[in-house]
Structures are given as structure tokens and as C-alpha cells.
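Undergrad: Would you be able to build a 3D model of this:
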Amino acid sequence: MSSPPTLFVSYSGALGGSERILLDLVSGLEPPVSVACPEGPLAERLRAAAIPVLPLRERSLEMRHSLADRLATPLRLSAQALEVRAHVVGSGAAVLVASGTRGLLVCASALAGLRPRPPLVFQQNELLPGVAIARLVRALLTRVERVVTLSETIARDLDPARTLGNRLAVIRPGVDLARFAPRATGAGTATPHALWLGALVRWKRPDLALEAAALAARALPALRLTLAGPVIDAHGRELLLPALRRRSQRPDLAGRVELPGALTDGQGALAEASCLLHTADCEPYGMVMAEALACGLPVVAPAACGALEIVDESCARLFTPGDAPGAARALVKVLGEPSRLARMAGAARGHAEHAHDLERSRREYAKLLAEVRRR
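TA: Numbers count the residues shown, from 1 in each chain. Okay, the predicted model is just below:
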């Protein structure tokens, strides 16, 4: 007879950053492990990795876009909580792991009044979205056995007074170093090529990337910029592509910017660029930066939040958040001298191997779950 599973819960069935981290994690954990999530790309990838999927009904991801969203959100969360509760009872889950803020709200409700109930682990992947949600989440932490965050930045946001003590662990997600690896056409390319990779949303500041490239091109006339990411969000709304395209067609950028939309081969794009340009003023973690390092790409990023936990001066040049001229100067420093670029590329891969190995992340998470199971 098999032992009860560790059951992970994801409100979303998409394959965004948080879901990719979840997939990488559970793919390397010892069974039995199951994931409850809606049908979609995440469920497909989980099944391909032979991980059992317990289906949840797909629901809107929007919580605060309109008054209707605000009114409907509690009903959506409650309905999913009933489904999760049934999966917990049916699977006899030994540990329940809630992924993200929505996951915590769902799982805490699912376990309310359930006896016996499995211990609850909360993995926080994001910064809290507002004062009301922050209060609710922090109140629910009293029901949680352990809390895991992807970064110290997220930990400080979630628990500013450090009241959780040793119940909180920071486990930075690692990179599959075999999958993300340098290519011969990587950072040594003759044409300086900066890659910006992420969802085209305002807080990630793709507009800043364009302004920085326009300024850097004065010193690097051959500079190219690829601005890649989804053009439609999870709610079906078009993102910033029209405005970004208009800006890229002005004379100071015309002919040097590509806007290919979402990429099916992100690691291929990373390996073929010269450096990664990251512009979010406060990235909670920034997995793409760790992936870039593994591909041997130096990073240009703001000196704040997640970036400070991922890169160091051997493999990156940092700038003040929101400072387009500073970002341009950093780009010129990285790309303007081939010998420096080659040194930083080698240091990038070495730093990834030392600090961002997926196998180490999996071992740390497995140890935490084993401790929870024993209690």
C-alpha cells in the first residue's frame, strides 16, 4: 500500500513563472506527489512528467480589475476550496502545499474544520498585492506549519516583523543546468544583442528597456534589442505591445528592435543573445536572471530586490531602478568591450553552477517536507 501523497495546489493552470517553478520542483521530488490544478499547460506538462493531476475547475484569475471581480472572487475561491477539500480527503494527503496567495486562501478554507487535517505548507511566490490582502494572508499564517519564500525580498514583504521565526524558510528556485547551458553562438557574438524576456506588463518596465537601448545605441551603433514576452495576459487582455511597437519605430530605435511575442524556446533565445536586460523596479525573485546566468549571459538589472539575490559584480552590471541613462551605461559597459564580455560570460555560468542549481533547491525542499511529515 502506497503512502499518502504530498498534495500541491495551484489556483492557475497556466504556465507562468510560478507554475514553471512548481513544475520544476515537483518533477524532482520523491513520490508520492500529486498536484491539484485546472486543466491547461501546467496539467499537460505534469502528466508528461508522470505526476498525477487532480483536476480543478478553471476559474478567472482576476481578483481586483472591476467591482464584479471583487464581488465574485470570494465565491470562486470558496468553490475551489470545496474541490480541494474533496481531493485532500480522497487522496489522504499527508501534507498540503499551497502555491501563491490564491492557493493559501483556497487551502486554508479547504482545511477549515477538517479532522484530521494534514499540515499546511505555504509557498509564497510574489509580493502581497495590497493592504487588505496582506492583512488576510498574515492572519492565515497562524494556520500554516511552514512558510517557504523564493527570496529574502518576498520574505521581508510577507513577514516584515520576522514573527514567523524558524517557521519561514527561503528556498531559491534553481535552474536545470543541463537544459539551460551556453551555446557557441552565445555571449561571444560579434553583434551586441540584448534580450529582454518577460510578460509585457507595466511593472516589469519594458518601456525602460527601449529607452535604455536608444541611449546605449549612441555608443553601440550595432546594438540589437529583442523584447520578448506574452502579448495577451491570463485574462485575455492585450498588454503593452501597441505602445512598445510605436516607440520601437521611432528614428532612434528603428530597425534595431524585435518584438516577437511569447517565445516557445526561451532557453534558445537566452543562449543566442549577448546579455540579458532586466528592468523591473522590484522583481520578487526573477527566475529569468538565474536562467540567463546558466546560459552564460551577463545580466544588466536594477540594483534592488530579487536581482541583488541572484547576481554579483562578476557577472552583472546594476543600475538605479527606473534610471534609463544608468541602464544604458550598464549596457555599454557589458557589451562595449569583447574581452570583458567574455570574462563576464564565463563568470555567469560559474555563478549559476555555484548558487542556482535546481538539484540543490529540490534537496532543500525535500528536507523541509520530510520534517513536516514527521511532525
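Undergrad: Give me the pLDDT for L239.
TA: Note on L239: pLDDT of 68.
Undergrad: tell me the domain ranges of the protein?
TA: 6-174+358-374, 193-355 (automatic domain parsing).
Undergrad: Report how many residues lie close to the nearest residue in space to P119 that is not next to it in sequence.
TA: Once flanking residues are discounted, P119 sits nearest to E145: 3.9 Å by Cβ to Cβ, 6 or more residues apart in numbering. C-betas here are computed from N, CA, C, even on glycine. When neighbours are counted by other Cβ atoms under 10 Å, E145 registers 16.
Undergrad: Let's have the domains of the chain in JSON lines, adding distance to F180.
TA: Shown next, in JSON lines, are those (distance: least, Cβ to Cβ, whole Å):
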{"stretch": "domain 6-174+358-374", "distance to F180": "9"}
{"stretch": "domain 193-355", "distance to F180": "4"}
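Undergrad: Burial-wise, tell me which of these comes out on top.
TA: Highest mean neighbour count among the domains of the chain (mean count of other Cβ atoms under 10 Å): domain 193-355, with a mean of 20.
Undergrad: ok, back up a step: among the domains of the chain, which comes closest to R183?
TA: Nearest to R183, of all the domains of the chain, is domain 193-355, at 3.9 Å by Cβ to Cβ.
Undergrad: Backbone dihedrals for R172, please?
TA: Phi and psi for R172, reported as degrees, to the nearest 10, are phi -70, psi 130.
Undergrad: ok so L96 is a strand residue?
TA: Yes: judged by DSSP: H, G, I helix; E, B strand; the rest coil, L96 forms part of a strand.
Undergrad: From what I see, it and S109 are in contact.
TA: No: between L96 and S109 there is no contact under Cβ atoms under 8 Å: 11.8 Å.
Undergrad: For P182, which of the domains of the chain is the nearest?
TA: Taking Cβ to Cβ, domain 193-355 is the member of the domains of the chain nearest to P182, at 3.4 Å.
Undergrad: So which residues of the stretch 1-150 of the chain form strands?
TA: Secondary structure of the stretch 1-150 of the chain (DSSP state E, counting those that start in this stretch): strands located at 6-10, 33-38, 53-56, 95-99, 120-124, 146-149.
Undergrad: check contacts around the residue lying closest to A280 once chain neighbours are set aside.
TA: Counting by Cβ to Cβ, 6+ apart, K204 is the residue found nearest to A280 once chain neighbours are left out, at 4.5 Å. By Cβ atoms under 8 Å, 6 or more residues apart in numbering, K204 lies in contact with G198, T279, A280, E283.
Undergrad: wait, the last one sits on A303?
TA: No: proximity of E283 to A303 does not meet the contact threshold set by Cβ under 8 Å, at 11.7 Å.
Undergrad: need the strands of the stretch 1-150 of the chain in JSON lines with distance to L208, can you?
TA: Below are the strands of the stretch 1-150 of the chain laid out as JSON lines (distance: least, Cβ to Cβ, whole Å):
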{"stretch": "strand 6-10", "distance to L208": "31"}
{"stretch": "strand 33-38", "distance to L208": "33"}
{"stretch": "strand 53-56", "distance to L208": "37"}
{"stretch": "strand 95-99", "distance to L208": "30"}
{"stretch": "strand 120-124", "distance to L208": "26"}
{"stretch": "strand 146-149", "distance to L208": "26"}
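Undergrad: Export those as CSV, with columns for distance to V131 and mean pLDDT.
TA: Listed next are the strands of the stretch 1-150 of the chain as CSV, based on distance: least, Cβ to Cβ, whole Å; pLDDT from 0 to 100:
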stretch, distance to V131, mean pLDDT
strand 6-10, 25, 97
strand 33-38, 29, 97
strand 53-56, 28, 97
strand 95-99, 21, 98
strand 120-124, 17, 98
strand 146-149, 19, 98
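Undergrad: out of these, nearest to R135?
TA: Nearest to R135 among those is strand 120-124; the distance by Cβ to Cβ comes to 15.0 Å.
Undergrad: CA atoms only for that closest one, dumped as PDB, please.
TA: Presented in PDB, the C-alpha positions along strand 120-124 are these (Å, rounded to 0.1, in the frame of the first residue of the first chain):
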ATOM      1  CA  LEU A 120      -0.300  23.100   5.500                       C
ATOM      2  CA  VAL A 121       2.800  24.500   3.900                       C
ATOM      3  CA  PHE A 122       2.500  27.900   2.100                       C
ATOM      4  CA  GLN A 123       4.900  28.700  -0.700                       C
ATOM      5  CA  GLN A 124       4.800  32.500  -1.400                       C
END
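Undergrad: Please state the offset of that strand from the chain centre?
TA: Strand 120-124 sits 16 Å away from the centroid of its parent chain (Cα atoms, centre = their mean, to the nearest Å).
Undergrad: who does it touch, helix- and strand-wise?
TA: strand 95-99, helix 100-111, strand 146-149, helix 358-374 (3 or more Cβ pairs under 8 Å, 6 or more residues apart in numbering; DSSP states H and E).
Undergrad: Make CSV from the ones you listed and add distance to A36 to it.
TA: Formatted as CSV, the helices and strands packed on strand 120-124 follow (distance: least, Cβ to Cβ, whole Å):
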stretch, distance to A36
strand 95-99, 9
helix 100-111, 9
strand 146-149, 18
helix 358-374, 16
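Undergrad: To L215, which of those lies closest?
TA: Closest approach to L215 among these is made by strand 146-149 (35.2 Å; Cβ to Cβ).
Undergrad: contacts for the closest one?
TA: The contact list for strand 146-149, computed with Cβ under 8 Å, 6+ apart, reads 119, 121-125, 141, 155, 158-159, 164, 167-171, 365, 368, 371-372.
Undergrad: go again using 7 Å as the cut-off
TA: Identification of contacts with strand 146-149 by Cβ atoms under 7 Å, 6 or more residues apart in numbering yields 121-124, 141, 155, 158, 164, 167-171, 368, 372.
Undergrad: and if you look at stretch 365-375?
TA: 6, 25, 29-30, 94-95, 119, 121, 145-146, 148, 169, 171.
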